[in-house]
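> need a structure here:
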Amino acid sequence: MTFDDDVLPGETVTHYDVLGRLGTDYYAVFADIPTADREVWQRAQGFVDEVGDRMRAAWDAAEYPMDIARRFGELDLLNDGVEHDAVTRFSPLAAGLVNMEVSRGDGSLGTVLAVQGGLALRTLALFGSDAQQERWLTDVARNRVPAAFALTEPDHGSDSVSLETTARREGGEWVIRGAKKWIGNGAAGGITFVWARVDADGDEHHGAVRCFLVEQHLPGYTGTVITGKASLRGIYQAHIALRDVRVPLDAVLPGSRTFKDASTVLFATRSGVAWSALGHATACYEAALQYAQQRVQFGKPLAKFQMVQERLAVMLEDLTAMQLYCRRLADLEASGALRPTQASLAKFHNTRAARRIASTARDLLGGNGILLEHGVMQHMADIEAIHTYEGTESVQALLLGRDITGVGAFA
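Alright, predicted model coming up:
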């Protein structure tokens, strides 16, 4: 809280300090973190502190600071638990803590991690050929080359299994034609992993969905930055047009054979969304608590009002549940026992809870809640994006419903 030396009537306080970390952990969920995982977490905290002011300005200006994204990779923080000999191994807990911490600082950086590490790097590590991995893997892991994961289409979001982008064989090339939308890094000048349906009579994969490595400089590839976003404004997402883009036959990732392979990547990153939601919610709760302790109304701090204490208690209830979900996710994944629908439940719960916490925090801050300098409004807007991507609330509910009833209800 900052006081003005030249105090004017009606303005004793000129600034509220609400962005600091409080280390909220009411159930000591993270008290027993192994030293190696804690060191990774602390490195992520240092990164957020280093770039926080610039990222807030970038969000306000709707700019994507690529040098900060590269710095993310230089610090070796983009690995997202991907397992490969050429990539530093993070435990599921360490990967989750990085996701949480980065999203607590800035949701756009959380999406950089989700796209570059969770989606693109994982796709290459799981399905790429030896030659593809040797050429690209380290550069993607360190973000020397920005990478995109292109699955969603303008006409196919939740029903991405119905994608219409095609890859047909012409002699010694694949010719890719179609459109993709909401593709992070899709206009960043690097590479894009394009999921397309094979159109090649006589090919054993005819009609199947496979993944193709496409360099963005190729003729026919156009990535147009989507403007007018009110969420995740510090990263560019692209509308991609693929107008008969020609790539060599070995551009296909040999391990990708069906749409289920794309689903494998999405299932793996769904846990990351639950952790990301926790980061956003933590920032909102801690901002609200600090504001309640500093803001004076009717002659006393807001924290002394019963209604405010009740709201903080309800927020803490949700936040603690989110922490427990995430810690259990990490334990299950580490033991190899995590099922996709368990990740779906965590994503389903945590993004919904994060929305509640953000809404309450914004309300508690009153008019000051809409100012970007207090963080809550930015997090509230960014939560709307993670609530949707990697599978909407409705899709998660249907996945869970099918699992618990044994009956599919997808249209």
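> can you give me the end-to-end span of stretch 246-259?
Length of stretch 246-259, first residue to last, C-alpha to C-alpha, to the nearest Å: 22 Å.
> who's in contact with that stretch?
The contact list for stretch 246-259, computed with C-beta atoms under 8 Å, 6 or more residues apart in numbering, reads 123-124, 126-129, 131-132, 161, 167, 169-170, 172-176, 193, 195, 205, 208-215, 218-220, 261-262. (Glycine included, C-beta is placed from N, CA and C.)
> Val87 belongs to a helix?
No: applying DSSP: H, G, I helix; E, B strand; the rest coil, one finds Val87 to be coil, outside a helix.
> what about the helix ranked longest in the chain, average pLDDT?
Using DSSP state H, we find that the single longest helix of the chain is helix 259-294. If you average the pLDDT over helix 259-294, you get 95.
> buried set for stretch 225-233?
Residues of stretch 225-233 classed as buried: Lys229, Ser231, Leu232, Arg233 (neighbour count, 16 or more other C-beta atoms under 10 Å).
> just the endpoints, please. Distance across it?
In stretch 225-233, first residue to last residue: 11 Å (C-alpha to C-alpha).
> I'd guessed Leu124 sits against Gln133; true?
Yes: under the contact definition of C-beta atoms under 8 Å, Leu124 touches Gln133, with a separation of 6.2 Å.
> neighbour count for those two, which is higher?
The residue with more neighbours, out of Leu124 and Gln133, is Leu124; 28 against 19, by other C-beta atoms under 10 Å.
> residue contacts, the more buried one?
When contacts are counted by C-beta under 8 Å, 6+ apart, Leu124 touches Gln132, Gln133, Trp136, Leu137, Val140, Ala147, Phe193, Leu213, Leu253.
> next SSE downstream of the helix or strand harbouring it?
Secondary structure from DSSP states H and E places Leu124 in helix 122-127. Downstream of helix 122-127, the next assigned helix or strand under DSSP H and E is helix 130-141.
> got the buried residues for that following helix?
Gln132, Gln133, Arg135, Trp136, Leu137, Val140, Ala141.
> could you do stretch 212-228 as well?
Phe212, Leu213, Val214, Gln216, Tyr221, Thr222, Gly223.
> quick check, the third one in a helix?
This means Val214. No: with three-state DSSP as the criterion, Val214 is strand rather than part of a helix.
> what pairs with it across the strands?
Thr192 (DSSP bridges).
> check contacts around Glu170.
Glu170 touches Arg246, counting by C-beta under 8 Å, 6+ apart.
> backbone phi and psi for Arg168, please?
phi -110, psi 150 (degrees, to the nearest 10).
> repeat that for Asp106.
phi -160, psi 130.
> roughly how far does it sit from Arg89?
Going from Asp106 to Arg89 by C-beta to C-beta, to the nearest Å gives 25 Å.
> can you map out the strands along the stretch 1-150 of the chain?
Assigned by DSSP state E, counting those that start in this stretch, the strands in the stretch 1-150 of the chain fall at 2-8, 11-15, 147-150.
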